[in-house]
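Novice: how would this look folded up:
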Amino acid sequence: MSETTRTAARGAAFWICYAITLISAAVSVTFAIVAVVDGGLEATDALYAASRSIALVVLALVAPMFRSDAALLAVAVAMTIVQGIDAYIGALQGDVAKTVGPVVLCLATIVAATFLARSDRTRNRD
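Specialist: Next comes the predicted model:
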């Protein structure tokens, strides 16, 4: 594989993982904010969920500023856990949409993070 092709693949791995992680975080924060709006300030659980979701979105937005694979992978792992738990909760509630959506995001994040983690840049191979 030529150096140009290898560099392109490394960059693609980062940006694909970034896009999927950011989408996952944005979906999570959207649902948390909707829960806060619906429940008002008395919806303490929704407020806590929103605060954590906002933190994850901020981390996802900041990761490319440093081009840090490790930071992006950490956020991707956190989003995989969040979406996995959301899927479990959706399944417990018997809500197909709240189960399938998070499962798709969880699996997409796992695939993208694996692609990034296996990239030559992360492993420092040449």
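Novice: Longest helix in the chain, please.
Specialist: Across the chain, the longest stretch assigned as helix under DSSP state H is helix 3-39.
Novice: What is the subsequent helix or strand relative to that one?
Specialist: Once the chain leaves helix 3-39, the next helix or strand it forms, by DSSP states H and E, is helix 44-66.
Novice: Could you pull up the contacting residues of the residue nearest the centre of the chain?
Specialist: Nearest to the mean C-alpha position of the chain, by C-alpha atoms, centre = their mean, lies T21 at 3.0 Å. Shown in contact with T21 (C-beta atoms under 8 Å, 6 or more residues apart in numbering): A60, A63, L72, V75, A76, M79, T109, A112, A113. The C-beta positions use only the backbone N, C-alpha and C, and glycine is treated the same way.
Novice: And for F115?
Specialist: Contacts of F115 (C-beta under 8 Å, 6+ apart): A13, I16, C17.
Novice: CA atoms of the helix or strand it falls within as PDB?
Specialist: Assigned by DSSP H and E, F115 falls within helix 97-117. Extracted C-alpha coordinates of helix 97-117, given in PDB (Å, rounded to 0.1, in the frame of the first residue of the first chain):
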ATOM      1  CA  ALA A  97     -38.000   2.400  18.000                       C
ATOM      2  CA  LYS A  98     -36.200   3.100  21.300                       C
ATOM      3  CA  THR A  99     -34.500  -0.300  20.900                       C
ATOM      4  CA  VAL A 100     -33.500  -0.500  17.200                       C
ATOM      5  CA  GLY A 101     -32.200   3.100  16.900                       C
ATOM      6  CA  PRO A 102     -29.700   2.800  19.800                       C
ATOM      7  CA  VAL A 103     -28.700  -0.700  18.600                       C
ATOM      8  CA  VAL A 104     -27.900   0.700  15.100                       C
ATOM      9  CA  LEU A 105     -25.900   3.600  16.600                       C
ATOM     10  CA  CYS A 106     -24.200   1.300  19.100                       C
ATOM     11  CA  LEU A 107     -23.100  -1.100  16.300                       C
ATOM     12  CA  ALA A 108     -22.100   1.600  13.900                       C
ATOM     13  CA  THR A 109     -19.900   3.200  16.700                       C
ATOM     14  CA  ILE A 110     -18.300  -0.100  17.400                       C
ATOM     15  CA  VAL A 111     -17.400  -0.700  13.800                       C
ATOM     16  CA  ALA A 112     -16.100   2.900  13.300                       C
ATOM     17  CA  ALA A 113     -14.100   2.800  16.500                       C
ATOM     18  CA  THR A 114     -12.600  -0.600  15.500                       C
ATOM     19  CA  PHE A 115     -11.700   0.800  12.100                       C
ATOM     20  CA  LEU A 116      -9.900   3.700  13.800                       C
ATOM     21  CA  ALA A 117      -8.200   1.600  16.500                       C
END
